[in-house]
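Peer 1: sequence unavailable; structure follows:
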């Protein structure tokens, strides 16, 4: 149970920077 | 955004960090970020005055979250949040000044790279850079040429990427730094105590 909680915390900590970039960036990447 | 997080985790491992140490990181004011994420699609996708208002609201909520953590966190994590806050402030300034993120016209004219939908979501409304564009130097005017793709980024984006990488790397290494400093900090006082009373 403790391992599951720690795993979920790791996922949350990685999701927060991803969410920040989700809100702040948004680059029109062009295929060449 | 996924690429940046993957790069950050890889960099964390390369400098001796461990993923499980991320579980010890605590954020402050996370509700501000949740509200910002909820507002963002309304604003960036909408356009018009309502869209701009929602964008600015989401932007200010996010800026609040970043500033709360700049104040509440320590050392490396604080510096990472400061980088992100500075980057977002630059992006928010140019988006607010122009009502959209200005991007080179020739980039917008071409076909968008299809995995872009989940790698770097196209949330912000983009507008072509022209003679009426304000603060061009803050816009998506830096063109990164990678294999098969052209990525226009802004100075603010670069600060945000650097901040996210610094945050993950610092959090993965935190315990390493503490353990490395611990024994030295303990040994020296003990040694001096033993030597002190001798003579």
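Peer 2: Sure, I can see it. Note that the coordinates shown come from a computational prediction; the quantities given were computed from them, not determined experimentally. Numbers count the residues shown, from 1 in each chain, chains lettered A, B, ... in the order given.
Peer 1: now for residue 3, how many residues are close by?
Peer 2: All of this refers to chain A. Using other Cβ atoms under 10 Å in any protein chain shown, residue A:3 has 9 other residues around it. The C-beta positions use only the backbone N, C-alpha and C, and glycine is treated the same way.
Peer 1: switch to chain B, please.
Peer 2: Count around residue B:3 with other Cβ under 10 Å applied: 14.
Peer 1: next: the one 5 residues further on.
Peer 2: Burial measure for residue B:8: 24 neighbouring residues, criterion other Cβ under 10 Å.
Peer 1: tell me which element it falls in.
Peer 2: helix B:2-14 (DSSP states H and E).
Peer 1: check which helices and strands the helix or strand just after that helix sits against.
Peer 2: As assigned by DSSP H and E, the chain's next helix or strand after helix B:2-14 is helix B:30-46. Helix B:30-46 sits against helix A:2-24, helix B:48-72, with contacts defined as 3 or more Cβ pairs under 8 Å, 6 or more residues apart in numbering or on different chains; DSSP states H and E.
Peer 1: on that earlier part again, got the angle for the helix holding residue B:8 vs helix A:2-24?
Peer 2: 130 degrees (axes from the mean of the first three to the mean of the last three Cα atoms, to 10 degrees).
Peer 1: right, is helix B:2-14 up against chain A?
Peer 2: Yes - judged by Cβ under 8 Å from any Cβ of the partner chain, helix B:2-14 comes into contact with chain A through B:2, B:4, B:5, B:8, B:9.
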